[in-house]
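1. show me the folded form of this:
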Amino acid sequence: MAKIGIIEDEKTISDMIKYNLEKEGYEVYTAYDGQEGLKLIETQPLDLLLLDIMLPNVDGLDICKRVRQKMETPIMIISAKADEFDKVLALELGADDYVTKPFSMREVMARVKARLRRKTTEISGESKVEEAGDKIKEGNLEMDLKKYEVAKNGRVVELTLREFELLKFLWQSKGEVFTREDLLTKVWGYEYYGDVRTVDVTIRRLREKIEDDASKANFVLTKRGVGYYFRG
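-> Residues are numbered from 1 along each chain as shown. Next comes the predicted model:
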């Protein structure tokens, strides 16, 4: 069964999440401050991390950054900070999801289950794109599906797993336009509950890495008023 870590200084919230997760059969580990949380991450391999931002000793954004530098453990931020700046910053530091307090326990559980299903799919190597071969190329951009690498002009571009999965999905559906809600469901892997800006931020980060000029997208394009697509 999946192992889930909770780093949350409000014990009431932590206990509530832990209770619901354990009821579903998950193995749950908790920490109530940033320093304790870092020790938990270093000593216990986790399948998912639920992380608050405002923590004693070491803040959640710093933890998020440290985790992402060393491992691909999915990170779900659970925070009372609802400003767009905080959400964007968390996503740019490598968080996979962002839930704002007060939250619905049902929503959190749905996202947890979907994220873990997504992780299982990634590990098993299931992918529709794989059927087309190990590598795909468009212009000066090349994607190696087995190595999880993208190269531009022959040089590897460092993408997060989420950025890679988003680019792969759009690329395999070349020319097809997807709404933000579609992408949340198909790439993030959960029913749409949250902020569509999660998609916008990831698209912007992706463009900055793969486009010659992010303001004049050549690969991942916008269909005004609808969503995004990979050029056909």
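2. lowest-pLDDT helix or strand in this protein?
-> When the helices and strands of the chain are scored by mean pLDDT, DSSP states H and E, helix 105-124 comes last with a mean of 75.
3. which SSE is immediately downstream of that one?
-> Per DSSP states H and E, the first helix or strand lying C-terminal to helix 105-124 is strand 135-138.
4. just the CA atoms of the helix or strand that that following strand is followed by, as PDB, please.
-> Sequence order places strand 141-144 as the next helix or strand after strand 135-138, per DSSP H and E. Extracted in PDB, the C-alpha atoms of strand 141-144 (Å, rounded to 0.1, in the frame of the first residue of the first chain):
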ATOM      1  CA  LEU A 141      12.700  19.600 -30.800                       C
ATOM      2  CA  GLU A 142      13.000  15.900 -30.000                       C
ATOM      3  CA  MET A 143      11.500  13.700 -27.300                       C
ATOM      4  CA  ASP A 144      13.000  10.500 -26.100                       C
END
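5. Val177: how many residues sit nearby?
-> When counting by other C-beta atoms under 10 Å, one arrives at 16 neighbours for Val177. Every C-beta, even on glycine, is put in place using the N, C-alpha and C of the backbone.
6. same check, this time on the one 3 residues further on
-> Counted by other C-beta under 10 Å, the residues lying close to Arg180 total 18.
7. excluding chain neighbours, what is closest to it?
-> Leaving aside its sequence neighbours, Arg180 sits nearest to Val196 (C-beta to C-beta, 6 or more residues apart in numbering; 3.8 Å).
8. contact partners for Arg205?
-> Residues counted as contacts of Arg205 (C-beta atoms under 8 Å, 6 or more residues apart in numbering) are 91-92, 160, 163.
9. all helices of the protein, in order?
-> 11-23, 34-43, 60-70, 84-92, 105-124, 161-172, 180-183, 197-210 (DSSP state H).
10. I'd like the average pLDDT over the shortest one.
-> Read that as helix 180-183. Confidence over helix 180-183 (mean pLDDT, whole number) is 90.
11. what is it packed up against?
-> helix 197-210, strand 227-230 (3 or more C-beta pairs under 8 Å, 6 or more residues apart in numbering; DSSP states H and E).
12. can you name every helix or strand that the last one contacts?
-> By that I understand strand 227-230. For strand 227-230, the elements it packs on are helix 161-172, helix 180-183, strand 220-223, judged by 3+ C-beta pairs under 8 Å, 6+ apart.
13. let's see 10 Å
-> With contacts taken as 3 or more C-beta pairs under 10 Å, 6 or more residues apart in numbering; DSSP states H and E, strand 227-230 sits against helix 161-172, helix 180-183, helix 197-210, strand 220-223.
14. winner for burial among these?
-> helix 161-172 (a mean of 20; mean count of other C-beta atoms under 10 Å).
15. what is the end-to-end distance of stretch 24-44?
-> Terminal residues of stretch 24-44 lie 20 Å apart, using C-alpha to C-alpha, to the nearest Å.
16. who's in contact with Gly37?
-> By C-beta atoms under 10 Å, 6 or more residues apart in numbering, the contact set of Gly37 is 5-9, 29-31, 49, 51-52, 55-58, 60, 63, 67.
17. just the buried members of the residues you listed?
-> Buried subset of the contacts of Gly37 (neighbour count, 16 or more other C-beta atoms under 10 Å): 5-9, 29-31, 49, 51-52, 55, 58, 60, 63, 67.
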